[in-house]
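Engineer: predicted model and sequence below, questions to follow.
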Amino acid sequence: MKINKKFNCIIILINTVLLALSCENNNTGPDDEWAYPEFANEAEVIINGYNKDAMEPFISKDGNFLFFNSLNDGDSTSLYYAARVNDTVFNFEGEIAGVNGTVPHLDAVASMDENNIFYFVSTRDYPDVFENYQTGKFDNGVVTDLRCAMGDFYIYEPGWLIMDAEINREGDLLYYVNAQFSGNPLPDQAHLGIAEKKDTVFETISTSDDILENVNDPDYLVYAPSISSDGDELYFTRIRKGMLITQICVSVRSDTVETFSVPEWIEIEGNSVEAPSVTDDGERLYYHKRLESDNKYHIFTMKRE
């Protein structure tokens, strides 16, 4: 979930002045034993029939649909979908029916498992209802049986909410972000966790902290996770506290019970580069960034080398 549009101008300046400093992201150094994925040949994604801000992309597991949301301003942030033409071209289909609240509202950060169980973040009832993560059944542009996703992954304290999350391919593991806000546009804290679905409830796995110990760096706000279909690659966005420079990173492992490696930064030029989404076959990475030419957020993609 994008933090706040009010910081756009500040982010531009800081990105320009501190770009060299952002190379500090590899201070700890990636583990030599790991082979990190590499991506190249960036291309802008064209959404025929849509010309507004496009953020937080997610590609359905069958590859047929691109889910995304409008400007993450928390006023009229809505979820949309587009049908695939090819890897870089989609046809706009409109709003996803059944998920968008009434103004003001924020409905964003879609993901979906292979059985078309749909998930997204919503602040429509927050803080009266702390369970701000929603789920339902997606079918041909409509989500039905909408309800709160229940589990122990919420923090029931003022200021805490689920900022981002993604369901895995099988629909049995949820990679979520707890974020604490105290009145500032940026959260004070943001870190990842993993919860397993048991019947209809998600329970945080006992090894969550261990598995993510290299990902949840206390010097960073960590958010916007995307898990590969085999569970061995975790993509995410992070911001070094006090710097406001966004980085898309990836951590890897060779087995789904192992700890993810020290992250490696995927170098992508531009401002506010965020929200990675890896395709089911792992061959493409989608994300958004803001273009200075029109001051809007656009979706981009790169192909695996």
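Structural biologist: Received it, and whenever you're ready, just let me know what you need. Numbers count the residues shown, from 1 in each chain.
Engineer: quick one: secondary structure of Asp210?
Structural biologist: helix (DSSP: H, G, I helix; E, B strand; the rest coil).
Engineer: so which helix or strand takes in the nearest residue to it once chain neighbours are set aside?
Structural biologist: Closest residue in space to Asp210, ignoring its immediate chain neighbours: Thr259 at 6.0 Å, by Cβ to Cβ, 6 or more residues apart in numbering. (Glycine included, C-beta is placed from N, CA and C.) Per DSSP states H and E: Thr259 is located in neither a helix nor a strand.
Engineer: tell me who's in contact with Glu305.
Structural biologist: By Cβ atoms under 8 Å, 6 or more residues apart in numbering, Glu305 lies in contact with Glu38, Phe39, Ala40.
Engineer: ok, the nearest residue to the second one once chain neighbours are set aside - contacts?
Structural biologist: Read that as Phe39. By the measure of Cβ to Cβ, 6+ apart, the closest residue to Phe39 outside its immediate chain neighbours is Met302, 3.8 Å from it. Met302 makes contact with Phe39, Ala40, Asn41, Glu42, Ala43, Ile268, Arg284, Leu285, according to Cβ under 8 Å, 6+ apart.
Engineer: now swap in Leu285 and tell me
Structural biologist: Listed by Cβ under 8 Å, 6+ apart, the contact set of Leu285 reads Phe39, Tyr235, Ile248, Ile266, Pro276, Ser277, Val278, Thr279, Thr301, Met302, Arg304.
Engineer: please tell me how far it sits from Glu131.
Structural biologist: Noted for Leu285: a distance of 30 Å to Glu131, by Cβ to Cβ, to the nearest Å.
Engineer: same deal with Leu79?
Structural biologist: Separation of Leu79 from Glu131 (Cβ to Cβ) stands at 18 Å.
Engineer: between the two, which is the more surrounded one?
Structural biologist: Taking other Cβ atoms under 10 Å, Leu79 and Glu131 do not tie; Leu79 has more neighbours (25 against 18).
Engineer: for this structure, which spans come out with low pLDDT?
Structural biologist: 1-32 (pLDDT under 70).
Engineer: okay, and the residue sitting nearest the centre point of it sits in which element?
Structural biologist: With distances taken as Cα atoms, centre = their mean, the residue of the chain nearest its centroid is Ala224 (2.9 Å). Assigned by DSSP H and E, Ala224 falls within strand 220-227.
Engineer: point out the other helices and strands that that strand packs with.
Structural biologist: Using 3 or more Cβ pairs under 8 Å, 6 or more residues apart in numbering; DSSP states H and E, the elements in contact with strand 220-227 are strand 160-167, strand 173-180, strand 189-198, strand 233-240, strand 271-278.
Engineer: could you export those as TSV, including distance to Phe58?
Structural biologist: TSV is the format used below for the helices and strands packed on strand 220-227 (distance: least, Cβ to Cβ, whole Å):
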stretch	distance to Phe58
strand 160-167	7
strand 173-180	13
strand 189-198	17
strand 233-240	12
strand 271-278	5
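Engineer: now these in CSV, with mean neighbour count and distance to Glu213?
Structural biologist: Formatted as CSV, the helices and strands packed on strand 220-227 follow (neighbours: other Cβ atoms under 10 Å; distance: least, Cβ to Cβ, whole Å):
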stretch, mean neighbour count, distance to Glu213
strand 160-167, 25, 19
strand 173-180, 23, 15
strand 189-198, 20, 11
strand 233-240, 24, 12
strand 271-278, 25, 20
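Engineer: closest one to Ser70 among these?
Structural biologist: When the helices and strands packed on strand 220-227 are compared by Cβ to Cβ, strand 271-278 sits nearest Ser70, at 13.4 Å.
Engineer: in PDB, list the C-alpha atoms belonging to that closest one.
Structural biologist: Output in PDB follows, covering the C-alpha atoms of strand 271-278 (Å, rounded to 0.1, in the frame of the first residue of the first chain):
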ATOM      1  CA  ASN A 271      10.900   7.400  -8.400                       C
ATOM      2  CA  SER A 272       8.700   5.600  -5.900                       C
ATOM      3  CA  VAL A 273       9.500   2.100  -7.300                       C
ATOM      4  CA  GLU A 274       7.300  -0.200  -5.300                       C
ATOM      5  CA  ALA A 275       4.900  -3.200  -5.100                       C
ATOM      6  CA  PRO A 276       6.500  -6.100  -6.900                       C
ATOM      7  CA  SER A 277       4.400  -8.900  -8.300                       C
ATOM      8  CA  VAL A 278       6.000 -12.000  -9.700                       C
END
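Engineer: give me the number of residues near the residue lying closest to Ala43 once chain neighbours are set aside?
Structural biologist: Closest residue to Ala43 apart from its sequence neighbours, by Cβ to Cβ, 6+ apart: Thr88 at 4.8 Å. Applying other Cβ under 10 Å, we find 16 residues neighbouring Thr88.
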